[in-house]
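Engineer: got a structure for you, letters missing:
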Ligand SMILES: Cc1ncc(COP(=O)(O)O)c(C=O)c1O
Ligand SMILES: N[C@@H](CCOP(=O)(O)O)C(=O)O
C-alpha cells in the first residue's frame, strides 16, 4: 500500500517527469506535476508529490522552509521568510505533565502567525508556475490570512470564503488588509470548502486549501525541522509529536516527511515519532474514526468549539492522515473547550502565546499522559499552530480583566495595597 511506513522508494512513472510527479494514493496513477491544474486523481483519490531522488539531512542548507529545497517540488518560492520557528523548552510544564522531555514547536511565530505560511510559500509559487488567474480558499481564518499575504506578494487576485461569524477577528483583519476579497458564507467551513472545490472544478479559481498536494510539501518542513532540532539539541529524535487536527493536512504532511526520511535512509523505522492528533470534542471525526478502527472518516454535519480554527467536520486529508497515525503507532484524542483554555493559560504562563486550537495539543498530551497512553519516559514535541493575537477575544476571555485605577501614584499604590 502506497502509504505504508516502508523504506521502499516509489518507482518513477515511465514518462519524463523532471524528477517529480503527482501520484494517487488510492489507485497509483501518476501525472506530470505542472502540465495542468489538478488537485485529485481521475479516480477521486488524493494526490501526493513523489520524487525520483530524496535528500538526507546532509543535503539541507540555509534556513526556513527553503532550507529543504531539495525535498520540495520547486527550488524557490514566493517567500516572506517562513519556517525556522522556535522549539521552546518549557521546564515547568514538562515537570507538571510528567514526561522526560517536552518541547513546544511554535508555528505561531511564522510571518502571518500560523503554519499556513509554509504551505503557501510553495503553493502560491506553484500557482504562478501554472499561470493560473485567481487564487481561492475556504478558511476558518489562518489559511485565508496566509493566502491573502502570499497572493498579494505574488501580485495575484485572491478570494477567501469564510464561515460567517465563526472566524477570529485577527484573521479576518489580516485577510482584509492584505487585499483578499472576503466572502462570508452562511454555512460552516466544510460548506465553504465544498463551494471552493466546485469553483476550482469549473476553472474559476486555483484552490489553495490543503487538498492541494503542493501545500503539504511546504508544511512537511515542520517535521524536518523538528527532527533536525531534536537530534542536534537534545540527542535522539522525539518519541511522539502531538498536534491539533482540523483538515488533517499537518498530520498528512508530517507523515510524508517521515516516510521520505526513511526512504532516503536518513532515519530508521524506530526513529519515526508517533503522530498523535488532538481534536475538540465538538468537532472530532478523526478521533471517532481512530477509536472505531475505521478506514474512513464520517463527516460531522454539526460542529462546535471555541477553538474555531479546528471547527471542521469533514477532514479532507483523512485518507493520508489515518494511515499516518496508525502506521506510526500514534493515536487521536478529543479534549473539551475547558481543557483547551486551561492549556492555553498554561502555555501563556511559560511565555508562549497561542490561539485556542493550538493549545489543543498540550491539552491532548495531558489527557493521554493521565490515561497512561503516553509514558513518563517519552520525549515529546507539541505543535502549537497559531499565535495568541490571531484570536484576541479568546485571549482576553481566558486572561485576567484589566483593573481600573486613578491616574496618580498614591491611588495606584492604595489599589495594590488592597490586594494584600
Ligand atoms: C491554528 C490552527 N491549528 C490547527 C489547524 C488544523 O490543522 P490541519 O488542518 O492541518 O489539521 C488549523 C487549520 O486547519 C489551524 O488554523
Ligand atoms: N484551519 C484552517 C482550515 C483549512 O485548512 P486547510 O489547511 O485545508 O487550508 C484555516 O485556517 O482555514
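Structural biologist: Alright, I've got the coordinates. Note that the coordinates shown come from a computational prediction; the quantities given were computed from them, not determined experimentally. Ligands and ions are numbered 1, 2, ... in the order given.
Engineer: Report pLDDT for residue 420.
Structural biologist: Listed pLDDT for residue 420 reads 66.
Engineer: now for stretch 10-25, what's the gap between its first and last residues?
Structural biologist: End-to-end distance of stretch 10-25 (CA to CA, to the nearest Å): 11 Å.
Engineer: With stretch 384-404 instead?
Structural biologist: Start-to-end span of stretch 384-404 (CA to CA) is 33 Å.
Engineer: Check stretch 156-166 too.
Structural biologist: End-to-end distance for stretch 156-166: 26 Å, by CA to CA.
Engineer: Also stretch 228-241?
Structural biologist: Rule used - CA to CA; the end-to-end distance of stretch 228-241 is 14 Å.
Engineer: quick one: it near ligand 1?
Structural biologist: No - residues of stretch 228-241 are not located near ligand 1 by CB under 6 Å from any ligand atom, the shortest gap being 12.7 Å. C-beta here means a position set from N, CA and C on the backbone, and glycine is covered the same way.
Engineer: Work out the gap between that stretch and the centre of the chain.
Structural biologist: Its chain's C-alpha centre and that of stretch 228-241 lie 19 Å apart, by CA atoms, centre = their mean, to the nearest Å.
Engineer: likewise stretch 362-375?
Structural biologist: On the basis of CA atoms, centre = their mean, stretch 362-375 sits 21 Å off its chain's mean C-alpha point.
Engineer: how about that stretch: buried residues?
Structural biologist: In terms of neighbour count (16 or more other CB atoms under 10 Å), stretch 362-375 has its buried residues at 362, 363, 364, 365, 366, 367, 368, 369, 374.
Engineer: check contacts around the spatially most central residue of the chain.
Structural biologist: In the chain, the residue lying closest to the centroid (CA atoms, centre = their mean) is residue 250, at 4.0 Å. By CB atoms under 8 Å, 6 or more residues apart in numbering, the contact list for residue 250 reads 115, 219, 222, 243, 383, 385.
Engineer: State the distance from the third one to ligand 2.
Structural biologist: What it means is residue 222. 13 Å (CB to the nearest ligand atom, to the nearest Å).
Engineer: so which strand or helix has that residue?
Structural biologist: helix 213-229 (DSSP states H and E).
Engineer: Show the subsequent helix or strand relative to that helix.
Structural biologist: Note on helix 213-229: by DSSP H and E, the next helix or strand toward the C-terminus is strand 240-244.
Engineer: For the stretch 201-350 of the chain, just list every one of the helices.
Structural biologist: Using DSSP state H, counting those that start in this stretch, the helices of the stretch 201-350 of the chain run over residues 213-229, 249-263, 285-292, 318-327, 337-349.
Engineer: Can I get those helices in a markdown table including distance to residue 165 and mean pLDDT?
Structural biologist: Conversion of the helices of the stretch 201-350 of the chain to a markdown table gives the following (distance: least, CB to CB, whole Å; pLDDT from 0 to 100):
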| stretch | distance to residue 165 | mean pLDDT |
| --- | --- | --- |
| helix 213-229 | 26 | 98 |
| helix 249-263 | 24 | 98 |
| helix 285-292 | 22 | 98 |
| helix 318-327 | 26 | 98 |
| helix 337-349 | 17 | 98 |
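Engineer: so can I have CSV of those showing distance to residue 145?
Structural biologist: Output for the helices of the stretch 201-350 of the chain, formatted as CSV (distance: least, CB to CB, whole Å):
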stretch, distance to residue 145
helix 213-229, 14
helix 249-263, 16
helix 285-292, 24
helix 318-327, 23
helix 337-349, 19
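Engineer: Write out the residues of the stretch 1-150 of the chain neighbouring ligand 1.
Structural biologist: Close to ligand 1, as judged by CB under 6 Å from any ligand atom, the stretch 1-150 of the chain has residues 114, 140, 142.
Engineer: Where do the helices of the stretch 51-200 of the chain begin and end?
Structural biologist: Under DSSP H, counting those that start in this stretch, the stretch 51-200 of the chain gives helices at 91-97, 116-130, 142-153, 169-177, 189-201.
Engineer: which other helices and strands contact the longest one?
Structural biologist: Pointing back at helix 116-130 there. Judged by 3 or more CB pairs under 8 Å, 6 or more residues apart in numbering; DSSP states H and E, the packing partners of helix 116-130 are helix 142-153, helix 213-229.
Engineer: Identify each buried residue in stretch 222-239, please.
Structural biologist: So stretch 222-239, judged by 16+ other CB under 10 Å, has buried residues 222-230, 234, 237-239.
Engineer: quick check, nearest of the residues you listed to residue 325?
Structural biologist: residue 223 (13.9 Å; CB to CB).
Engineer: got a list of what that closest one touches?
Structural biologist: Per CB under 8 Å, 6+ apart, neighbours of residue 223: 241, 253, 254, 256, 257, 258.
Engineer: From ligand 2, how far out is the second one?
Structural biologist: Noted for residue 253: a distance of 9 Å to ligand 2, by CB to the nearest ligand atom.
Engineer: Which residue is the nearest non-sequential neighbour of residue 72?
Structural biologist: Spatial nearest neighbour of residue 72, excluding adjacent residues (CB to CB, 6 or more residues apart in numbering): residue 217 at 5.4 Å.
Engineer: so who does that neighbour touch?
Structural biologist: 49, 71, 72, 73, 119, 122, 253.
Engineer: ok now do the last one, which residues does it touch?
Structural biologist: Looking back up the chat, that one is residue 253. Neighbours of residue 253 in contact, by CB under 8 Å, 6+ apart: 210, 216, 217, 219, 220, 222, 223.
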